[in-house]
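Asks: When you get a sec, could you give me coordinates for this:
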Amino acid sequence: MPDHSPYARRLREIADALDAEPQPTDDVLTPHPDTLDVIRNRHTKRGQFNHAVPADLQLQRRIRRYNADTGLPHGDIVALALDTWLRAKGYPPSLAPTNTTAT
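Replies: Purely as a prediction, here's the structure:
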């Protein structure tokens, strides 16, 4: 009997890649389920993210207002917005699992 394990392994890789693809939704701003899992995990390692943005867009004021209305932390608002936009442009995160637990 021939060994089909290389084919099975390749099919699993393809299935994983397809799972990472954004699923069409009615609302293009719906966050990816994997992103929501990362944000909800209280052990997710966080890093600082600072960039100069146009002041006329009033992003800081708008983020503060959204936070006040929803209670969603500022960093999560930025992470959700950027992840959604980058996925829509064809830049999903890598499939490699990262260490998100505190040691």
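
Asks: Tyr66 touches Leu72, doesn't it?
Replies: Yes. Contact criterion CB atoms under 8 Å: Tyr66 and Leu72 qualify, at 6.9 Å. (Glycine included, C-beta is placed from N, CA and C.)

Asks: Name all residues that make contact with Leu29.
Replies: Going by CB atoms under 8 Å, 6 or more residues apart in numbering, Leu29 touches Thr84.

Asks: Just the pLDDT for it.
Replies: We note a pLDDT of 78 for Leu29 in this prediction.

Asks: any idea how far Gln48 is from it?
Replies: Noted for Leu29: a distance of 25 Å to Gln48, by CB to CB, to the nearest Å.

Asks: hey, C-alpha coordinates of stretch 5-25 in CSV?
Replies: C-alpha atoms of stretch 5-25 as CSV (Å, rounded to 0.1, in the frame of the first residue of the first chain):
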residue,chain,number,x,y,z
SER,A,5,1.2,10.7,4.5
PRO,A,6,2.9,13.5,2.5
TYR,A,7,-0.4,14.1,0.7
ALA,A,8,-2.4,14.1,3.9
ARG,A,9,0.1,16.5,5.5
ARG,A,10,-0.2,18.9,2.5
LEU,A,11,-4.0,18.7,2.6
ARG,A,12,-3.9,19.7,6.3
GLU,A,13,-1.6,22.6,5.4
ILE,A,14,-4.0,23.7,2.7
ALA,A,15,-7.0,23.4,5.0
ASP,A,16,-5.2,25.5,7.7
ALA,A,17,-4.4,28.2,5.1
LEU,A,18,-8.0,28.2,4.0
ASP,A,19,-9.2,28.6,7.6
ALA,A,20,-6.9,31.6,7.9
GLU,A,21,-8.6,33.3,4.9
PRO,A,22,-11.2,35.9,5.9
GLN,A,23,-14.7,34.5,5.6
PRO,A,24,-17.1,36.8,3.7
THR,A,25,-19.6,38.5,6.0
